[in-house]
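A.B. asks: I would like to see how this sequence folds:
(2 chains)
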Amino acid sequence: MLKFEKRENIPLHLRILIPLISILLGVLIGGIAVMFSQVNPLTVYKAIFIGAFGSTYVFSETIVVAIPLLLISVGLILVFKMNYWNIGAYGQYIMGAIFSTYFALNSAETMSRSILLMMMCIAGMVGGALWALIPAALKAYWKVNEVITTLLLNYIALYILKFLMYGPWRNPRSFGFPLTKIFELNAQLPKLISHTRIHLGLIFGIVAAIIIWIIIKKTKFGYEIRVIGENEIAARYAGINIAKNIILAMVISGGLAGLAGMAQISGIIHMLQIEINPDYGYTAIIVAWLSGLNSLTAMIVSFFLGGLFAGASQIQMTMKVPIGIVGLIESSILFFLLGGAILTNYKLYYKGRKII
Amino acid sequence: MRPDAYAITIILLAATVESGTILLFPIIGEIFTERSGILNLGIEGMMIIGALVGFVTAFITGQIYWAFFMGMLAGGLASLIHAFISITLRGNQVVSGLSLTIFGLGVTNFYGQEFVNLQLAHTVPQVIIPGLSQIPFFGPILFKQDYMVYLSYILVIITWFILFKTKVGIQLRAVGQNAQAADAMGVNVYKIRYFWTFFGGLMAGAGGAYLTLNCAPFWLDGITAGRGWVAIALVIFARWNPPYALIGAYLFGAINALQFQLQSMGTTIPSALLSMQPYFLTFILIIVATLLVKAKHIGVPKELGIPYAREEK
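C.D. replies: Just a heads-up that it's a prediction; the model follows:
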């Protein structure tokens, strides 16, 4: 019935069409799911769209969500390109937030704003990078499965955060709530556009996306990453140091996730608390994959998924549609994308006749 | 030993078995899925789907065993998404599994909203096995449990037997080691992979359902709390062998029961640090297990995660 035949090269129109059709089908599945809960899917989607792009303010909120997604996903792209996995952006993001908070709480009086913010950025990156270094080294030297270690470290990071927030870092004046005190202005990332919450992190994200693109396309490190991703055995024979590349890619990726955590608390939340949206670490995996592991495309995709998230947060409040709809749509898109990938590698025949 | 210390030990170990059973089902399931060459990282997603379906069925019908079956089935159906993508369409198994987890968490958040914080009136009833439960020390720990726990004991033995002593097991292992050679021997690679991926889903669903029907008989968002990932780690610890799965699951169960007991006794250790212990233990276990597997040359299924394409030209 159905037969597959290997393709020599991937036609350009399929490279563009498959992600687009996957998005459409994913949205369709989301719509069907909504229908089961007795809500009109068209109303829901219209509300999501208006909640994401309908006014200058909600548009800016979409960008606010896109910032961490972009920062994290471009780092993940580096690791995924090698055919290795970092599922630990969630924990690295938390560690970045924790490390940078240390300076926000202790050095706000003694440092000028630019120095303090620079220290916080560095601390955030170091925190995330260290949290990624553990699974990276375990993978590089002992071949410990990095999918599992990065994931377990997410839970460990979350409990470290909870420990700090219910213990040493809780503001005595927060009426028992697990919050630090509000950061001094010194420790707040400057806004880019007034009357919105868009902060300097946007520039970090765009710069990171461009740097990662250059690394992958133009440097020896990037070349080695691509070779390892395509054929690790060949890479080893070619004398490429795989352990070194794993560690470097993971550490950069963790550092960017840490920076995203720092940017979120310094630019948006202005304090450390338990709910600092580390789930962006998982969504960023979808961004990386949807963008075809291209960090420039990731800018568009983060914006799109940022819109989905911002819009869905709106309808959660106004229409009582649970936020789970986001995960449902995202994962459906991903399923279609993964399944559709076969068409980029194979020609499809049905009863002997070529379809695609 | 003070008499009450003895009693507490018994209670703790019985709780260990219960808590371990939540993981034992999914670990056994994933052992078979991986043995057939399919890596399914969607256990967390399938577990939570099983947990919600089990809970809702029990909540509406009041039929605990029926609910367990429905939860199991729901996990199995969810696994078919992964099976279709990774077996028929030869997609990326790591991302597909992750996606299945995101799907499970999303779908249960979406449909579980109206059940949040609701409680089950009845949980799984205890079934005391006459005779065996009289054995000193072990009796009250192992045989004053429920049908699901007994099912898990039987499952360990049966699955071990199937895996190493039957033709089905040989074929399954052959497919995971070298699909092409197995195909040449006339084994249907696709059929076997589909079947055992489905089995893995059933077991993940069973673990999830056991969680909400027995250990935490209420519904909360994300109630599986990473147990699916722990299960995947413990598959490596178990070296793809069901009896070792029992040890891994109960180790996790023990640390879980212990930290729970400490918290309820009002210890001065911060609860966040106690709650972290099961994940920390698993983290250490996976490192040790990986080193052991390497040292003893115990094989990971060689073609784990590699799609098989038959008519390749």
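A.B. asks: if I look at residue A:143, how far off is residue B:34?
C.D. replies: For residue A:143, the distance to residue B:34 (Cβ to Cβ, to the nearest Å) stands at 16 Å. Placement of C-beta: from N, CA and C, glycine included.
A.B. asks: okay, those two: which has more neighbours?
C.D. replies: residue B:34 (23 against 13; other Cβ atoms under 10 Å in any protein chain shown).
A.B. asks: Check which element follows whichever helix or strand that one is part of along the chain.
C.D. replies: Element membership of residue B:34, judged by DSSP states H and E, is helix B:3-35. Counting by DSSP H and E, the next helix or strand C-terminal to helix B:3-35 is helix B:43-61.
A.B. asks: Now do the following helix or strand past that next one against helix B:3-35, angle only.
C.D. replies: Remark: after helix B:43-61, the chain's next helix or strand is helix B:64-83, criterion DSSP H and E. Per axes from the mean of the first three to the mean of the last three Cα atoms, to 10 degrees, the angle that helix B:64-83 makes with helix B:3-35 is 40 degrees.
A.B. asks: Let me see the mean pLDDT of helix B:64-83.
C.D. replies: The pLDDT scores in helix B:64-83 average 97.
A.B. asks: Show me what it packs onto, helices and strands only.
C.D. replies: helix B:43-61, helix B:93-112, helix B:189-210 (3 or more Cβ pairs under 8 Å, 6 or more residues apart in numbering or on different chains; DSSP states H and E).
A.B. asks: buried sites along whichever strand or helix holds residue A:210?
C.D. replies: Following DSSP H and E, one finds residue A:210 within helix A:201-218. In terms of neighbour count (16 or more other Cβ atoms under 10 Å in any protein chain shown), helix A:201-218 has its buried residues at A:201, A:202, A:204, A:205, A:206, A:208, A:209, A:212, A:213, A:215, A:216.
A.B. asks: same thing with stretch B:245-254?
C.D. replies: For stretch B:245-254, using 16+ other Cβ under 10 Å, the buried residues are B:245, B:246, B:248, B:249, B:250, B:251, B:252, B:253, B:254.
A.B. asks: what's the answer for stretch A:262-281, then?
C.D. replies: For stretch A:262-281, using 16+ other Cβ under 10 Å, the buried residues are A:262-274, A:276-281.
A.B. asks: Now stretch A:319-338 - C-alpha only, CSV.
C.D. replies: Provided in CSV are the C-alpha atoms of stretch A:319-338 (Å, rounded to 0.1, in the frame of the first residue of the first chain):
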residue,chain,number,x,y,z
MET,A,319,-12.7,32.4,29.5
LYS,A,320,-11.5,29.8,32.1
VAL,A,321,-9.9,27.7,29.4
PRO,A,322,-7.1,25.8,31.2
ILE,A,323,-3.5,26.7,30.3
GLY,A,324,-2.9,23.0,29.5
ILE,A,325,-4.2,23.9,26.0
VAL,A,326,-0.7,25.3,25.3
GLY,A,327,1.0,22.0,26.0
LEU,A,328,-1.7,20.2,24.0
ILE,A,329,-1.2,22.4,20.9
GLU,A,330,2.6,22.5,21.2
SER,A,331,2.9,18.7,21.5
SER,A,332,0.5,18.1,18.7
ILE,A,333,2.5,20.4,16.4
LEU,A,334,5.6,18.6,17.4
PHE,A,335,4.1,15.2,16.7
PHE,A,336,3.1,16.3,13.2
LEU,A,337,6.5,17.8,12.6
LEU,A,338,8.3,14.6,13.7
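A.B. asks: So which bits of the stretch 101-250 of chain B are right by chain A?
C.D. replies: Within reach of chain A by Cβ under 8 Å from any Cβ of the partner chain, the stretch 101-250 of chain B has these residues: B:102-103, B:105-113, B:225-226, B:229-230, B:232-233, B:236.
A.B. asks: Residue B:243 touches residue B:158, doesn't it?
C.D. replies: No: with contacts counted by Cβ atoms under 8 Å, residue B:243 stays clear of residue B:158, the gap being 11.6 Å.
A.B. asks: what separates residue B:141 from residue B:30, distance-wise?
C.D. replies: Where residue B:30 is concerned, residue B:141 sits at a distance of 26 Å (Cβ to Cβ).
A.B. asks: Between those two, which has more neighbouring residues?
C.D. replies: residue B:30 (33 against 19).
A.B. asks: Look at residue A:4 and give its secondary structure.
C.D. replies: strand (DSSP: H, G, I helix; E, B strand; the rest coil).
A.B. asks: for the residue nearest to residue A:97 when sequence neighbours are not counted, what are its contacts?
C.D. replies: Nearest residue to residue A:97 in three dimensions, chain neighbours excluded: residue A:261, at 3.7 Å (Cβ to Cβ, 6 or more residues apart in numbering or on different chains). If you count contacts by Cβ atoms under 8 Å, 6 or more residues apart in numbering or on different chains, residue A:261 has them with A:68, A:92-98, A:100, A:124, A:127-128, A:276, A:278.
A.B. asks: hmm, try it at 10 Å
C.D. replies: Applying Cβ atoms under 10 Å, 6 or more residues apart in numbering or on different chains to residue A:261 gives the contacts A:68, A:71-72, A:89-101, A:124-125, A:127-128, A:157, A:272, A:276-278, A:280-281.
A.B. asks: Over to residue A:100?
C.D. replies: Per Cβ under 10 Å, 6+ apart, neighbours of residue A:100: A:116-117, A:119-128, A:183, A:187, A:258-259, A:261-266, A:272.
A.B. asks: hmm, 7 Å instead?
C.D. replies: Applying Cβ atoms under 7 Å, 6 or more residues apart in numbering or on different chains to residue A:100 gives the contacts A:120, A:123, A:124, A:262, A:265, A:266.
A.B. asks: Now name the helix or strand holding it.
C.D. replies: Counting by DSSP H and E, residue A:100 is part of helix A:89-106.
A.B. asks: as a whole number, average confidence for that helix?
C.D. replies: Helix A:89-106 comes out with an average pLDDT of 97.
A.B. asks: cool, stretch B:171-182 as well?
C.D. replies: Per-residue pLDDT over stretch B:171-182 has a mean of 92.
A.B. asks: Also stretch B:13-30?
C.D. replies: 96.
A.B. asks: Then stretch A:193-209?
C.D. replies: Rounded mean pLDDT across stretch A:193-209 is 95.
A.B. asks: Just the endpoints, please. Distance across it?
C.D. replies: Using Cα to Cα, to the nearest Å, the end-to-end distance of stretch A:193-209 comes out at 21 Å.
A.B. asks: can you check stretch A:182-195 too?
C.D. replies: When the termini of stretch A:182-195 are compared using Cα to Cα, they are 20 Å apart.
A.B. asks: Run through who's touching it.
C.D. replies: A:60, A:104, A:108, A:113, A:116-117, A:120, A:198-202, A:263, A:266-267, A:270-271.
A.B. asks: Name the residue of the stretch 251-356 of chain A with the shortest distance to chain B.
C.D. replies: residue A:327 (2.4 Å; Cβ to the nearest Cβ).
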